[in-house]
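**Q** Okay, sequence plus prediction incoming.
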Amino acid sequence: MRYFPLIRAGLGCRPLNASLTFVSVTIAFLLAGLAIGFARLLPGGNTPMMAAGGVVALGFAMILFLTGNAVAQTVRLRLKEFAILKSLGFPTRLILALVFAETAAACLAGAFAGLLLAEALAAPFLSLLPHAIAAPRPFVPPLVYALSLAAAVALTAISTMIPALRIARLDAAAALRGSAA
Amino acid sequence: MSAIQFCNVIKRYRRAGHMVSVLERASFDVPQGAFVALTGPSGAGKTTILNLAGGLDRCDSGSVTVAGQALDALSPERLAVWRSRHVGFVFQSYNLLPMLTAVENVELPLLLLPGRTKDRRTRACAALASVGLADRANHRPAELSGGQQQRVAIARAIVGEAPLLLCDEPTGDLDREAADGILALLQAANGQGRTIVMVTHDPRAAAWANQVLHFENGNPHLVQAPA
């Protein structure tokens, strides 16, 4: 709670990037939720689930690229802000934790929004099939929710890794002069 | 006791592939409770002095000691903790965080100190009131004038009771009236026992200090001793 205003400010200062992360993660987890949910209903043992898993992994890789770019751009544009925090005595690890928390907020919110949307859209999609199938409740298995939490945290960790190096190496004096790389 | 002690400090920067010497065996003391103005031409090393004294930068050789603490002996993380308790910075361009309100900006250094949210807010409001901005607590920097933003920056620098204020051209972007208001606040902070080191190009601003160190060729010369 102590650092909440800073996290809120971090998300608010580049709303487009935060929104891009949220929307792209939402779409990825929506598709993942639908793919896994439908694969569960198909006959053929583990094969449909494995195919769905492959699609989800590909989506995860693509989303990693988008989120990583958004975080990198946000950090690049906010180097002076981080230099100000350093000049006030904020240790590097605390600044990194703030960036991680901002990214995690967008990723976790996006992941759960995507899965909830999959849950909501399952019944309308299933009704389009020639032989109507009743959507199981929950459509997305609870295990997938748990795995999605882990995936969103992993997505956050990987996408903040390179920007974190930049913050760790930030020369606060140079950034405040306006000559930081 | 010295608030700041520079001993044979050498600092060089790489510029366009060449090493440029900014400080060449600079040695000087700033006494505790002094209000010192650093003057000199651009590139003479004035801002470098502030960055070294505030632990934002490290010297190539020599030693920088602030309030008895040799800064070279501290790791970057311990230096950050030390800075949060001992130094307040005031910059020419204010350097407030644009998405935070005035009171949230002032509260920033207090986040690093123990204390409850309510107490932090009370202290931040008191610091804002002390610079005459109690009624602007919930305004963002973009909604404040340059002079008001600099007042917020001073409130942020003094709220944590840091005994040393390092000011880099604090009146550089202000008109004369606003500048005098800022200098009066710095003088008041000095009157409360804080040591103030202020970089300035303006002789009128330097006249508010009780000691002027003029930098030329990487070395300081005392041009105005304490009265």
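**A** Nice, thanks for sending it over. Numbers count the residues shown, from 1 in each chain, chains lettered A, B, ... in the order given.
**Q** how about the closest residue to B:Asp60 other than its chain neighbours, secondary structure?
**A** Leaving aside its sequence neighbours, B:Asp60 sits nearest to B:Ile10 (Cβ to Cβ, 6 or more residues apart in numbering or on different chains; 4.9 Å). For glycine as for every other residue, the C-beta is placed from the backbone atoms N, C-alpha and C. On the three-state scheme (DSSP: H, G, I helix; E, B strand; the rest coil), B:Ile10 is labelled strand.
**Q** ok, what's across the strand from B:Ile10?
**A** As for beta bridges, B:Ile10 partners with B:Ser61 under DSSP bridges.
**Q** can you pull out the strands in chain B?
**A** Using DSSP state E, the strands of chain B run over residues B:2-15, B:18-31, B:35-39, B:61-66, B:69-70, B:87-90, B:164-168, B:195-199, B:211-216, B:219-224.
**Q** In the first one, which of the residues would be classed as buried?
**A** Judged by neighbour count (16 or more other Cβ atoms under 10 Å in any protein chain shown), strand B:2-15 contains these buried residues: B:2-6, B:9, B:11-12.
**Q** out of those, who's nearest chain A?
**A** The closest of the buried residues of strand B:2-15 to chain A turns out to be B:Lys11 (Cβ to the nearest Cβ; 10.7 Å).
**Q** Contacts only, for the closest residue to that closest one other than its chain neighbours.
**A** Excluding the flanking residues, the one nearest B:Lys11 by Cβ to Cβ, 6+ apart is B:Leu23, at 4.2 Å. For B:Leu23, the contacting residues are B:9-11, B:45, B:48-49, B:52, B:59, B:218-219, by Cβ atoms under 8 Å, 6 or more residues apart in numbering or on different chains.
**Q** And for B:Leu166?
**A** Counted by Cβ under 8 Å, 6+ apart, B:Leu166 has contacts B:50, B:53-54, B:87-90, B:197.
**Q** can you do 10 Å?
**A** Residues counted as contacts of B:Leu166 (Cβ atoms under 10 Å, 6 or more residues apart in numbering or on different chains) are A:87, B:4, B:38, B:47, B:49-54, B:56, B:66, B:87-91, B:157, B:195-199.
**Q** If burial is judged by neighbour count, which of those residues pass?
**A** A:87, B:4, B:38, B:47, B:49-54, B:56, B:66, B:87-91, B:157, B:195-199.
**Q** what helix or strand does the spatially closest residue to B:Met99 that is not a sequence neighbour sit in?
**A** Nearest in space to B:Met99, with sequence neighbours left out and distances taken as Cβ to Cβ, 6+ apart, is A:Ala9 at 3.6 Å. Using DSSP states H and E, A:Ala9 falls within helix A:4-13.
**Q** My guess is A:Arg137 contacts A:Glu119. True?
**A** Yes - counting by Cβ atoms under 10 Å, A:Glu119 is a contact partner of A:Arg137 at 8.6 Å.
**Q** higher neighbour count, these two?
**A** A:Glu119 (19 against 8; other Cβ atoms under 10 Å in any protein chain shown).
**Q** In a helix, that one, correct?
**A** Yes - under three-state DSSP, A:Glu119 sits within a helix.
**Q** Pull the number of nearby residues for the residue of chain A found nearest chain B.
**A** Here chain A gets closest to chain B at one residue, A:Gly89, 2.5 Å apart by Cβ to the nearest Cβ. A:Gly89 has 27 neighbours, counted by other Cβ under 10 Å.
**Q** Do you know the pLDDT at it?
**A** The model reports A:Gly89 with a pLDDT of 93.
**Q** Then B:Ala225?
**A** The score at B:Ala225 is 57. That number is its pLDDT.
**Q** try A:Ser179
**A** pLDDT at A:Ser179 comes out at 56.
**Q** Taking the centroid of chain A, which residue is nearest it?
**A** Centroid check for chain A by Cα atoms, centre = their mean gives A:Cys107 as the closest residue, at 2.6 Å.
**Q** A:Cys107: which element?
**A** helix A:92-127.
**Q** tell me the angle that helix makes with helix A:4-13.
**A** 60 degrees (axes from the mean of the first three to the mean of the last three Cα atoms, to 10 degrees).
**Q** Quickly check: helix A:92-127 near chain B or not.
**A** Yes - using Cβ under 10 Å from any Cβ of the partner chain, helix A:92-127 reaches chain B at A:92-95.
**Q** Go through chain B and flag its longest helix.
**A** helix B:176-191 (DSSP state H).
**Q** So which other helices or strands are in contact with that one?
**A** Where contact means 3 or more Cβ pairs under 10 Å, 6 or more residues apart in numbering or on different chains; DSSP states H and E, helix B:176-191 is packed against strand B:35-39, strand B:87-90, helix B:117-130, helix B:146-158, strand B:164-168, strand B:195-199, helix B:203-206.
**Q** Need the residue closest to the centroid of chain B.
**A** Closest-to-mean residue, chain B, Cα atoms, centre = their mean: B:Leu166 / 1.5 Å.
**Q** Can you tell me how far that one is from A:Ala173?
**A** 12 Å (Cβ to Cβ, to the nearest Å).
**Q** Name the residues of chain A found near chain B, please.
**A** Residues of chain A lying near chain B (Cβ under 10 Å from any Cβ): A:1-6, A:8-14, A:78, A:80-81, A:83-95, A:168, A:171-179.
**Q** A:Val140 looks like it's in a helix, true?
**A** No - secondary structure of A:Val140 (three-state DSSP): coil, not part of a helix.
**Q** Which residue, other than its chain neighbours, is closest to it?
**A** A:Gly33 (4.5 Å).
**Q** what's the answer for A:Leu121, then?
**A** Leaving out its chain neighbours, the residue that sits closest to A:Leu121 by Cβ to Cβ, 6+ apart is A:Leu34, at 6.9 Å.
**Q** Can you tell me the element that neighbour falls in?
**A** helix A:15-41.
**Q** thinking again about what came up before, same for the helix holding A:Cys107, what does it pack against?
**A** helix A:4-13, helix A:15-41, helix A:47-77, helix A:79-87, helix A:142-168, helix B:76-86.
**Q** what angle sits between that helix and helix A:15-41?
**A** Going by the same axes, to 10 degrees, helix A:92-127 makes 50 degrees with helix A:15-41.
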